[in-house]
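Asks: Please work out how this folds:
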Amino acid sequence: MLNFTLKPEPPIGFKEKIFKDVKLIEETGLSIVSMSVPKNNFKQLEKRIFENYKIKLPVIGKSKTAKLNNSRFLALQPDQYFIIFDNKTNYPIEELNKSLRKEGYFSDQSDSWCIINISGKNTINVLERICPLNLSSDVFTIGNVNRTSMEHIGVIMVRITIDQFILLSPRSSSSSFYHAIVTSIENIL
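Replies: Here you go, the predicted model:
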């Protein structure tokens, strides 16, 4: 009988890359869960989130961070959120149910996305070549989140600081997504 073990592989397969003034990190230790609000249950869900995470749910187009599990709530559309948090288990929905007591509808998205953290003083120059959003700091402010496309690839973009963003893209196009970012970096340096 064969004895083998499965091990997880990251979507892109790099840990960290530094190109002069731009740094890329592939975030692999995070869980991503989609949360939908049940009809007529927003107040109860928001109460649970405030009790456990000490934040109010963000409005559409914004994100908020909580200390519990280093959680970030992304408000993508009405009654629909992504929750990104430190991966401590292979069962992230069970982890959320401990604090939210099944007040929302959850779907584990962790294996469906790649996450790139991009930072550095040339970050805006890199992103504006491949992203149609206005990334000026007075329009796309810290904590903003938006769906967009980069080189025809769907992306969820979150601004963390003036020169730092988290970019989520479907795992199925992760190699093309990474290539688009690296090509943009190479074109400005």
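
Asks: For stretch 90-101, give the mean pLDDT please.
Replies: Here stretch 90-101 scores 87 as its mean pLDDT.

Asks: Okay, buried residues for it please.
Replies: Buried residues in stretch 90-101, defined by neighbour count with 16 or more other Cβ atoms under 10 Å: 92-93, 95-96, 99-100. Where C-beta positions appear, they are placed from N, C-alpha and C, glycine not excepted.

Asks: possible to save those as a markdown table with secondary structure and distance to residue 56?
Replies: Below are these laid out as a markdown table (DSSP: H, G, I helix; E, B strand; the rest coil; distance: Cβ to Cβ, whole Å):
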| residue | secondary structure | distance to residue 56 |
| --- | --- | --- |
| 92 | helix | 22 |
| 93 | helix | 22 |
| 95 | helix | 21 |
| 96 | helix | 17 |
| 99 | helix | 15 |
| 100 | helix | 14 |
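
Asks: Rebuild those as a markdown table, extending it with distance to residue 33.
Replies: Putting the buried residues of stretch 90-101 into a markdown table (distance: Cβ to Cβ, whole Å) gives the following:
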| residue | distance to residue 33 |
| --- | --- |
| 92 | 5 |
| 93 | 6 |
| 95 | 9 |
| 96 | 6 |
| 99 | 12 |
| 100 | 10 |
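
Asks: Give me the contacts around the longest helix along the chain.
Replies: Using DSSP state H to define each element, the chain has its longest helix at helix 174-188. Under the criterion Cβ atoms under 8 Å, 6 or more residues apart in numbering, residues 11-12, 14, 17, 19, 22, 24, 114, 116, 118, 122, 125-127, 129-130, 150-151, 153, 155, 167, 169 lie in contact with helix 174-188.

Asks: what about burial for these, which qualify?
Replies: Applying 16+ other Cβ under 10 Å to the contacts of helix 174-188 flags 11-12, 19, 22, 24, 114, 116, 118, 122, 125-127, 129-130, 150-151, 153, 155, 167, 169 as buried.

Asks: for this structure, what spans make up the strands?
Replies: With DSSP state E applied, the chain shows strands at 16-19, 22-27, 30-36, 63-66, 71-77, 80-86, 105-108, 113-119, 145-150, 153-161, 164-170, listed in chain order.

Asks: List just the one of those strands that sits closest to residue 4.
Replies: strand 105-108 (24.6 Å; Cβ to Cβ).

Asks: Direction included, what does the closest one pair against?
Replies: strand 30-36 (antiparallel) (DSSP bridges).

Asks: Please work out the average pLDDT along the partner strand.
Replies: According to the model, strand 30-36 has a mean pLDDT of 95.

Asks: ok so, going back, mind putting the strands of the chain into a markdown table with distance to residue 43?
Replies: Shown next, in a markdown table, are the strands of the chain (distance: least, Cβ to Cβ, whole Å):
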| stretch | distance to residue 43 |
| --- | --- |
| strand 16-19 | 42 |
| strand 22-27 | 32 |
| strand 30-36 | 15 |
| strand 63-66 | 17 |
| strand 71-77 | 16 |
| strand 80-86 | 15 |
| strand 105-108 | 16 |
| strand 113-119 | 30 |
| strand 145-150 | 23 |
| strand 153-161 | 26 |
| strand 164-170 | 28 |
